[in-house]
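In: coordinates only, sequence not included:
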């Protein structure tokens, strides 16, 4: 038989806890937990199993055993409530809603991480665009310079005889005409 780990709640402390939970006799607690009266008596001598102590603490309606942040909170009238401060009251519906809110927050956090990743991708793309623009800029300057030279050569310069002007060939026929014109 597997034994339950026990915690150091026994004797008068366990008696007090049992009474606060609404069990004014060993017999009532034994019947409720489906154990023998002798088992409950032994728990008061040697210490009750952890799950029994937690159960009795819940039934006693005091939640401070759950940790520092639960100090002052109790269960009363089907609600979890705070005895001091703002006097918050939470019913079963509100407690269930927390699960949904928590789930929605998890989804929101996942979406935020996804969007942050997308933002990083866009920032990296923007950096690459700037790098490409920096690479293109000298090429555009070269193109403009070549275009300028080409137009300069193609145009008649001041003081240059009109016949010495260079013209763009119009294709094979115009090349042949130019060659023939030069022979005469």
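Out: All right, it came through fine. Bear in mind that the values here come from a model prediction, so they are computed numbers and not experimental data.
In: Show me this structure divided up by domain.
Out: 11-91, 94-155 (automatic domain parsing).
In: which stretch in these has the least confidence?
Out: Mean pLDDT per stretch puts domain 11-91 lowest among the domains of the chain, at a mean of 76.
In: need the helices for the protein, in chain order.
Out: All helices of the chain, identified by DSSP state H, fall at 11-20, 26-33, 37-46, 50-59, 92-154, 172-183.
In: Redo those helices as CSV? Include distance to residue 69.
Out: Just so you know, the C-beta spots here come from the backbone N, C-alpha and C atoms, and that holds for glycine as well. Listed next are the helices of the chain as CSV, based on distance: least, CB to CB, whole Å:
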stretch, distance to residue 69
helix 11-20, 21
helix 26-33, 29
helix 37-46, 29
helix 50-59, 16
helix 92-154, 14
helix 172-183, 93
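In: Quick one: these as JSON lines, columns for mean neighbour count and distance to residue 70 too.
Out: Listed next are the helices of the chain as JSON lines, based on neighbours: other CB atoms under 10 Å; distance: least, CB to CB, whole Å:
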{"stretch": "helix 11-20", "mean neighbour count": "16", "distance to residue 70": "16"}
{"stretch": "helix 26-33", "mean neighbour count": "16", "distance to residue 70": "24"}
{"stretch": "helix 37-46", "mean neighbour count": "15", "distance to residue 70": "24"}
{"stretch": "helix 50-59", "mean neighbour count": "17", "distance to residue 70": "11"}
{"stretch": "helix 92-154", "mean neighbour count": "10", "distance to residue 70": "14"}
{"stretch": "helix 172-183", "mean neighbour count": "9", "distance to residue 70": "97"}
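In: To residue 72, which of the ones you listed lies closest?
Out: Smallest distance to residue 72 across the helices of the chain (CB to CB): 14.8 Å, for helix 50-59.
In: Taking helix 37-46 as reference, get the angle to that closest one.
Out: 90 degrees (axes from the mean of the first three to the mean of the last three CA atoms, to 10 degrees).
In: could you say what helices and strands helix 50-59 packs with?
Out: The contact analysis (3 or more CB pairs under 8 Å, 6 or more residues apart in numbering; DSSP states H and E) places helix 50-59 against helix 11-20.
In: ok, and what's touching the helix it packs on?
Out: 9, 24, 26, 29, 40, 43-45, 47-48, 53, 56-57, 59-62 (CB atoms under 8 Å, 6 or more residues apart in numbering).
In: I'm done for today, thanks for sticking with me.
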